[in-house]
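>>> Next one to model:
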Amino acid sequence: METAGVTAAGTTLFAGCVGEDADNGAVNGDVNDDDDDDDAEELDEVELTFAHRIGEDDEVNQDLVIPFWETLGERSGGRLTIDAHWGGALGGTIEQHDMLRDGTIDYTSTIQHYFDIWEQHNAPNVPGIVDSLTRSGEGIDNLDYLIAHNIECMPNGFLYDDFQRYDIHIGPNFTNPTMRLFTNEEVGEVTQPEDWEGLRLSNTTEMQAHMISELGATVDDVDYTEWYQAFDRGVVDGGVDPGIVVDLFDAHEVAPNIATNYQLDRYHNPQAINLETYRSMSEELQTVWDETSWEQSIENLYWRLEYVDRMFTRFEEEGANLYEIPESTVEWQIETVEPVAEEFLQDIGAWESYLRFVELAEHIAEERGDFEPETVDEQVNLAPDDHPVAEWWADYEPQFL
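The predicted model follows:
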């Protein structure tokens, strides 16, 4: 497969030993001038080895990922290209994440399996964060939450900084909606507190695992690539997911009962590249990667909102049972899991980031009204002037946006 800026095979180019203390090129300044880094080569032509567990024909890849690559190719004049390996050809999801961090591959998607080490990443994932914040007496709009998430993934954002500590440089952000509870036909609907007792559920985040256990269920971390078989055979009774993974593997066919109003946290699926690979790139290529990523994050946001609506409509048309739990059960669930979530964030040192995120989301809701930002500038300008990302953006001079 070849498209603009995308190649199917080739040799990945690496720089020689970029120092660990180097600054982040185009976004945070020039590469530092320490003696150890004087001989580090900046590459002006780079092919990124990309690995993904999903096939090339997946809707997300066709609508978002490959067009992102094409823009990278166009803006770099063909000097930033992708060597794509689809369908788990280079290993499973967790293996790919390990390969990304150690530099065996340069680039991958959906890196949520490291939530247990990305401390600050958990801050926006608190259950009910949208519904519990107020906007004219109502919860803030889902879009306010997603915009705040995108902003914190930019330079000086706490999500951006969190990833860099683990040798990863963030790319386009893929935000997700609220988690849903999916259960198989044998279990049926889970509507009362006692229904949670003895449930065996697969989950996707560390914080979620603590909450599920507190509600009375048992956590069994089945890799989501195996959810269909696990749900079908009763290895587990179901899973917690916004629906994206369920859709990828048609797991709604064997877990057709979908509770739509449990509040069981959120997460996002950013793309990312190895930090040393990023630092090896010329400043111009770093700028191409960063600005195209920020721009693509906005495209991803609106696409995802439409996709989720289409997805659940299709699930229902294909026989899934979408149901709401009683308000009394919602209250029980929130009262049970909110202290667990707070304690989890306190323990990992992410509570202050959570409070910062809440303040940002509330400010965006107040500033935005019905306005829907379409550019990076419009998005960042919804943040307070003294927000760290907004302060950085005020002095940044875009090259392609």
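
>>> downstream neighbour of the longest helix anywhere in the chain in the secondary structure list?
When the chain is parsed with DSSP state H, its longest helix is helix 283-317. The first helix or strand that comes after helix 283-317 along the chain, using DSSP states H and E, is strand 321-323.

>>> Name the residues that touch that next one?
By CB atoms under 8 Å, 6 or more residues apart in numbering, the list of residues contacting strand 321-323 from outside reads 189, 191, 256-260, 312, 315-316. Heads up, the C-betas are built off the backbone N, CA and C, glycines and all.

>>> about what we covered before: what residues sit buried inside the longest helix of the chain?
The neighbour-count check on helix 283-317 (16 or more other CB atoms under 10 Å) flags 283-301, 303-304, 307-308, 311-312, 315 as buried.

>>> V219: what's its closest spatial neighbour, skipping adjacent residues?
What sits nearest to V219 in space, not counting adjacent residues and going by CB to CB, 6 or more residues apart in numbering, is A209, at 4.6 Å.

>>> Likewise for D162?
Skipping the residues right next to it in sequence, D162 comes nearest to Q120 by CB to CB, 6+ apart, at 4.0 Å.

>>> coming back round to it: got a ChimeraX select line for the buried ones in the contacts of strand 321-323?
Provided next is the ChimeraX selection string for whichever of these are buried by 16+ other CB under 10 Å:
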select :256,257,258,259,312,315
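
>>> Show the contacting residues for the residue lying closest to G319 once chain neighbours are set aside.
Nearest non-adjacent residue to G319, counting by CB to CB, 6+ apart: P256, 6.2 Å away. With contact set as CB under 8 Å, 6+ apart, P256 has these partners: 184-185, 315, 319-321.

>>> Contacts for stretch 354-363, please.
123-124, 126, 129-130, 133-135, 140, 144-145, 148, 151-152, 158, 345, 382-384, 387.

>>> On the pLDDT front, check E352 for me.
Turning to E352, the model gives it a pLDDT of 96.

>>> so which strand or helix has it?
Secondary-structure assignment from DSSP H and E places E352 in helix 351-368.

>>> now what about stretch 143-151, what contacts it?
Counting contacts by CB under 8 Å, 6+ apart, the residues outside stretch 143-151 that touch it are 124, 129-130, 135, 157, 159, 173, 175, 266, 268, 294, 297-298, 301, 304-305, 357, 360-361, 364-365, 368, 372-373, 379-380, 382-383, 387, 389.

>>> Kindly export that stretch (C-alpha atoms) in CSV.
Once side chains and other backbone atoms are set aside, the C-alpha atoms of stretch 143-151 remain, and they are given as CSV (Å, rounded to 0.1, in the frame of the first residue of the first chain):
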residue,chain,number,x,y,z
LEU,A,143,-17.3,18.5,24.0
ASP,A,144,-15.9,20.7,26.8
TYR,A,145,-14.3,17.6,28.3
LEU,A,146,-12.8,16.5,25.0
ILE,A,147,-11.4,19.9,24.2
ALA,A,148,-9.8,20.1,27.7
HIS,A,149,-8.3,16.7,27.0
ASN,A,150,-6.8,17.8,23.7
ILE,A,151,-5.3,20.9,25.3
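
>>> Give me the distance from it to the chain's centre.
The chain centre lies 12 Å from the centre of stretch 143-151; the measure is CA atoms, centre = their mean, to the nearest Å.

>>> shift numbering so it begins at 22
Noted, 22 is the first residue going forward, which turns the last one into stretch 164-172.

>>> hang on, the earlier thing: which among the contacts of P277 end up buried?
Looks like the contacts of P277 have 205, 336, 341 buried, using 16+ other CB under 10 Å.

>>> now these in TSV, with distance to E66?
What follows is the buried ones among the contacts of P277, written out as TSV (distance: CB to CB, whole Å):
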residue	distance to E66
N205	51
F336	45
A341	48
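
>>> Name the spans of the stretch 22-171 of the chain whose pLDDT lies under the cut-off.
Judged by pLDDT under 70, the stretch 22-171 of the chain has its weakly predicted residues at 22-62, 131-138, 155-160.

>>> Swap in 50 and give it another go.
22-60 (pLDDT under 50).

>>> all strands of it, in order?
Taking DSSP state E, counting those that start in this stretch as the test, the strands found in the stretch 22-171 of the chain are 27-28, 67-72, 101-106, 128-129, 155-156, 159-160.

>>> still on that earlier bit, ok, so of the buried ones among the contacts of P277, who is nearest A272?
The shortest separation between A272 and any of the buried ones among the contacts of P277 is 9.4 Å, and it belongs to N205 (by CB to CB).

>>> Was I right to think that closest one contacts E274?
No - the pair N205 / E274 is not scored as a contact, 10.1 Å apart, by CB atoms under 8 Å.

>>> Can you show me the CA trace of the helix or strand harbouring E412 as PDB?
The secondary structure element spanning E412 is helix 409-416 (assigned by DSSP H and E). Taking Å, rounded to 0.1, in the frame of the first residue of the first chain, the C-alpha atoms of helix 409-416 are listed here in PDB:
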ATOM      1  CA  PRO A 409       0.400  26.600  31.000                       C
ATOM      2  CA  VAL A 410      -0.500  25.500  27.500                       C
ATOM      3  CA  ALA A 411      -2.100  28.900  26.700                       C
ATOM      4  CA  GLU A 412       0.900  30.800  28.000                       C
ATOM      5  CA  TRP A 413       3.200  28.600  25.800                       C
ATOM      6  CA  TRP A 414       0.900  29.000  22.800                       C
ATOM      7  CA  ALA A 415       0.900  32.800  23.100                       C
ATOM      8  CA  ASP A 416       4.600  32.800  22.100                       C
END
